[in-house]
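Peer 1: structure for the following, please:
(2 chains)
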Amino acid sequence: MKEYTKLAELALSLAKDGGATYADIRIEEIKQENISVRDGTAELIEKSTDFGLGIRVMVDGAWGFAASADVNQESIQRVSPQAIELARASSRVRDKHIVLAPIEKIVDSYQTPFVTDPFSIPLKEKLDYLLFLDSLMAGVSGINQTESMMTFIKRNKLFASSEGSIIQQLIIQSGAGISAVAMKSHRQMGTRSYPNSSGQHQTKGYELIRELDFENNAGRIAEEAVAVLGAKECSSKNTTIILDGPQMSLQIHESIGHALELDRVFGAERNFSGTSFATPDKLNNLRYGSEIVSVVNDSTRPFGLGTFGYDDEGVKAKRSFLIKDGILTGYLSSRDTAPQVGMASNGCVRASSWANVPIVRMTNTNLLPGDKTLEEMITEVDEGIYMQTVRTWSIDDTRESFQMGCEIGWEIKNGKLGEMIKSPSYSGNTVQFWNSCDAIANEKYWEIWGTPNCGKGQPAQNMPTSQGASPARFRNVKVGS
Amino acid sequence: MMKRDKALEILKKGVESSQADQTELVLMGEDFSFTQLAENVIRQNIYRSDHTIMARTAVGKKIGVAVTNRIDEDSIAQVIKTATEIASYQKEDPDFVSLPSSSPAPEIKGFYQSTSEYSPTKKAKDVEMVVKRCKAQKLAGTGAFQTETDVTAVVNSLGTKQFFEETKAHFSLTASAGDTISGWAQGYDRDVNKISIEDITRRATLKTILSRNPIELPPGKYTVILEEAAVASLLLFLGFLGFGAKAFLGGRSFMARNMGEKITGDRITIVEDPFHQVMNAIPFDYEGVPKKRVTLIENGIAKGVVYNSYYANKAGVESTGHALPPNNTFGPYPKNMVLSGGNSSLEDMIASTEKGILITHFWYINYMNPMKTQVTGTTRDGTFLIENGKIKSAVKNMRMGQSILEAFSNVEMMSKDRKLCPQFGVVMYVPAMKINDFTFMGG
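Peer 2: Residues are numbered from 1 along each chain as shown, chains lettered A, B, ... in the order given. Below is the predicted model of the structure:
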């Protein structure tokens, strides 16, 4: 990407000549490999390349953004004035000048650590491995459908700003997952997935695939898919629940991460993604969760899909508290939203590609581990349900009322796991729910889980995020089938 | 934006250079312009241009797919080569017969110069008017004004050659009073001049004013009056859950084993109709097969699902022209659904309701039990209690838990007027509906 530095400088210079008081440019190449196997057949093997540039400018205190797939001098000379024209149009309908939180000038490069570049592994080896996993699941009696997939992404990007920053980054992401379906009649299905219904995705190389130990889990989940068909329904009641890591990851993502995006809090997403109940008047006084609930935004934590050196505004990766000992203490912010709550940007601005404007996004939203073992958490429950693996979810536009469904559950009776439960669901109110959290499993159970396609924004952008979590326990939760 | 002759020429040249047994190239181009209004200021103003080329090659029964957004001759040759290499690693797919060979699709007018040339400055002037109206009523306007020009071209080695240029214009507005009171309205058309920004602003702001001082209603079964966008959300999800051949043939669709059976009330007829006069949809799919009109549900009876060539071959039927792009594994999908209208109006529905809830639209619908079409989601931006034929008060948003098929079995009234509602890449033409025994779970 270094070879594009001159082009970047030209873009910034043209933007300045056009009247921009601030400008930045991102030149990005995204390479991707997707392999999916279904019922013993490779349904898709795909390689893709996406390359382009996006220029963001501020003129008269308002934003403009223009992007093109052509990366050359001619396109810079076309796109830079387009961005200026857009910003001038924006300035017709503005209130006050946008203020950017100050940041230091950065000239640096960064790459996520990996052992084996996943693009160096032959496609045939990957396909053969997925077909092998598929056969392990299909070999279990009663299984009707099987699916497995791998996905690898390499993002190579250059950021340059009119403040003098020039940053190159290489981000490598790997992911894989398997699932099995058993069907009894056309109305009854049992589904089990591993490690989660969307797989596991991290900023690692091919070593992630080897670490996930699919061989020793494929048969198990296929057997569970058959067993869950005959399992009992979850009766409607209020009870204690323990959620596994993947489900906790979703719960954090939907009811904490999205709720604390500062652009959403200020109403910028009201027309689509919604707003947030966690308004700035609640900062430092809302008891968001119980005292054991502490959540950090941490783009420095290795292996998350929100792990990077710098965000898409050139802000250095940071770890900052969002919730500390249960109290709301921070937001996910950008340079233009943070000053409105008297804070510095905590580096949460990301764009899904060169073609989209960077917006406030989750990076790695991590629930800090507790001090119990999972066994202790179960032993302490007289009656409850242990729920595993994301199945479905819905949350309202202010991020308060949610309904979640898991693939499988186990009854807990007198401190021991009992009968299997089919597709249990639970619902609640965000603040009540997090305040009912009375146990979080320790570091040994903690994992950073990837959400490969989080949708947000108008126009919609899909962004990879992560949530770090270990299993946690919640009291008096409404459950059902 | 690339024109017909150039697009077809570069794809033809690419296909001719291929060493694979069969080759298909899909070109998708966009000129995309978007103005985002947030709390009475333009927060973002965006323009982008991009082209994507997808190559699908067959070597015997082995298929490879490769994608690039470089459209020069060398890059196209390379993407075909990559797809062919991928195909060589593949295992044979016994269900693959051939890429389709299609005759030219009918001519449809989908392009409007007015939309294509609608500048950011024009949008800013419109938005300025919206903000003025919002401020006059002490409201905050947050919205999105999108115009785009897209081209799609498909050429394959069996002689298929299709091209379509289209424009889309979409304006939506949420007017709000404080953090929790809001009203929403939208308009969509291929011709930007047919969208009345003033009317959308009037409807959204009126809703907001009516939404003040909401009361809380207990969970339970209610008669509901769903405005068009709310109906469209249910229809969209029905399409997602079961109107595609992949889910149908795999037994994962509510349509499976129900073909010819009554699955909704008599009033419901759903047709995938790209050629409906208000749709003017792209007349072919992403493998170049001309689209067909497909009756999905007729007077409540399950009639059909949509096919691409792969699943059509598998089922021994003809493709209906509903393939998604070759790198999408969801299977064939209906993108232009038309729901039958009735003979009443929204006003009639309200006037005839002793007690019920009027709903503007839903948010975050997701399935709870896909085979029973059981979904959940919340009401949003304008929910009202109807009593004795009149709007009595605003209602706090509620979470519904409802089988869509059951809801469509309990339809009491449907409006004669229908609206175009775009959602997640699908355009639907739907009426408002009055439905009995609709279930809410509270909160």
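Peer 1: quick one, phi psi at the closest residue to B:Pro290 other than its chain neighbours?
Peer 2: Of all residues not flanking B:Pro290 in the chain, B:Ala105 sits nearest, at 4.1 Å (CB to CB, 6 or more residues apart in numbering or on different chains). For glycine as for every other residue, the C-beta is placed from the backbone atoms N, C-alpha and C. Backbone torsions of B:Ala105, given as degrees, to the nearest 10, read phi -70, psi 160.
Peer 1: correct me if wrong: B:Ala105 contacts B:Pro283.
Peer 2: Yes: between B:Ala105 and B:Pro283 there is a contact under CB atoms under 8 Å: 3.9 Å.
Peer 1: confirm that A:Gly468 sits in a strand.
Peer 2: Yes: assignment of A:Gly468 by DSSP: H, G, I helix; E, B strand; the rest coil places it within a strand.
Peer 1: residues in contact with it?
Peer 2: Going by CB atoms under 8 Å, 6 or more residues apart in numbering or on different chains, A:Gly468 touches A:249, A:298, A:301, A:304, A:364-367, A:446-449.
Peer 1: repeat that for 10 Å
Peer 2: A:245, A:248-249, A:252, A:295-296, A:298, A:301, A:303-304, A:306, A:364-369, A:446-449 (CB atoms under 10 Å, 6 or more residues apart in numbering or on different chains).
Peer 1: pLDDT at it, what is it?
Peer 2: On pLDDT, A:Gly468 comes in at 98.
Peer 1: just A:His186 next, same as before
Peer 2: 68.
Peer 1: cool, and B:Gly443?
Peer 2: 54.
Peer 1: nearest spatial neighbour of residue 333, skipping sequence neighbours?
Peer 2: The chain I'm using is chain A. A:Leu262 (4.4 Å).
Peer 1: meant chain B actually
Peer 2: B:Gly244 is the one closest to B:Tyr333 (CB to CB, 6+ apart), at 5.2 Å.
Peer 1: A:Glu3: neighbour count?
Peer 2: 8 (other CB atoms under 10 Å in any protein chain shown).
Peer 1: and for the one 3 residues further on?
Peer 2: As a burial measure, A:Lys6 scores 11 neighbours (other CB under 10 Å).
Peer 1: touching, it and A:Asn72? I think so.
Peer 2: No: using CB atoms under 10 Å, A:Lys6 is not in contact with A:Asn72, being 11.2 Å away.
Peer 1: what do the two both touch?
Peer 2: Counting by CB under 10 Å, 6+ apart, nothing touches both A:Lys6 and A:Asn72.
Peer 1: surely the residue nearest to B:Pro290 touches B:Glu287?
Peer 2: No: checked against CB under 10 Å, the pair B:Ala105 and B:Glu287 is beyond contact range at 11.9 Å.
Peer 1: quick one, which of these two is more surrounded?
Peer 2: B:Glu287 (25 against 22).
Peer 1: with adjacent residues omitted, what lies nearest to that one?
Peer 2: B:Glu287 sits nearest to B:Ala323 (CB to CB, 6+ apart), 4.5 Å away.
Peer 1: hmm, back to that, tell me the predicted confidence for the residue nearest to B:Pro290.
Peer 2: Taking B:Ala105 on its own, its pLDDT is 97.
Peer 1: all strands for the stretch 351-481 of chain A, in order.
Peer 2: A:359-360, A:364-367, A:383-395, A:401-413, A:416-422, A:425-429, A:437-440, A:447-456, A:461-469, A:472-480 (DSSP state E, counting those that start in this stretch).
Peer 1: mind checking which of these is nearest B:Glu85?
Peer 2: Among the strands of the stretch 351-481 of chain A, the nearest to B:Glu85 by CB to CB is strand A:447-456 (25.4 Å).
Peer 1: need phi/psi at A:Lys124.
Peer 2: Per degrees, to the nearest 10, the backbone of A:Lys124 is at phi -60, psi -40.
Peer 1: show me what contacts it?
Peer 2: Residues counted as contacts of A:Lys124 (CB under 10 Å, 6+ apart) are A:45, B:88-91.
Peer 1: with A:Gly455 instead?
Peer 2: A:272-273, A:352, A:461-463, B:424.
Peer 1: chain B - how does it break down into domains?
Peer 2: B:4-205, B:213-443 (automatic domain parsing).
Peer 1: in a markdown table, list those domains along with distance to A:Glu291.
Peer 2: Below are the domains of chain B laid out as a markdown table (distance: least, CB to CB, whole Å):
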| stretch | distance to A:Glu291 |
| --- | --- |
| domain B:4-205 | 27 |
| domain B:213-443 | 25 |
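Peer 1: out of those domains, nearest to A:Thr191?
Peer 2: Across the domains of chain B, closest to A:Thr191 is domain B:213-443 (CB to CB), at 9.9 Å.
Peer 1: distance of the closest residue to B:Leu99 other than its chain neighbours relative to chain A?
Peer 2: Sequence neighbours aside, B:Gln22 is the residue nearest to B:Leu99 in space, at 4.7 Å (criterion: CB to CB, 6+ apart). As judged by CB to the nearest CB, to the nearest Å, B:Gln22 and chain A stand 16 Å apart.
Peer 1: so where does the closest residue to B:Met337 other than its chain neighbours fall, helix or strand?
Peer 2: Residue nearest to B:Met337 in three dimensions, not counting chain neighbours: B:Met428, with 4.9 Å by CB to CB, 6+ apart. According to DSSP states H and E, B:Met428 maps onto strand B:426-442.
Peer 1: many thanks, we can stop here.
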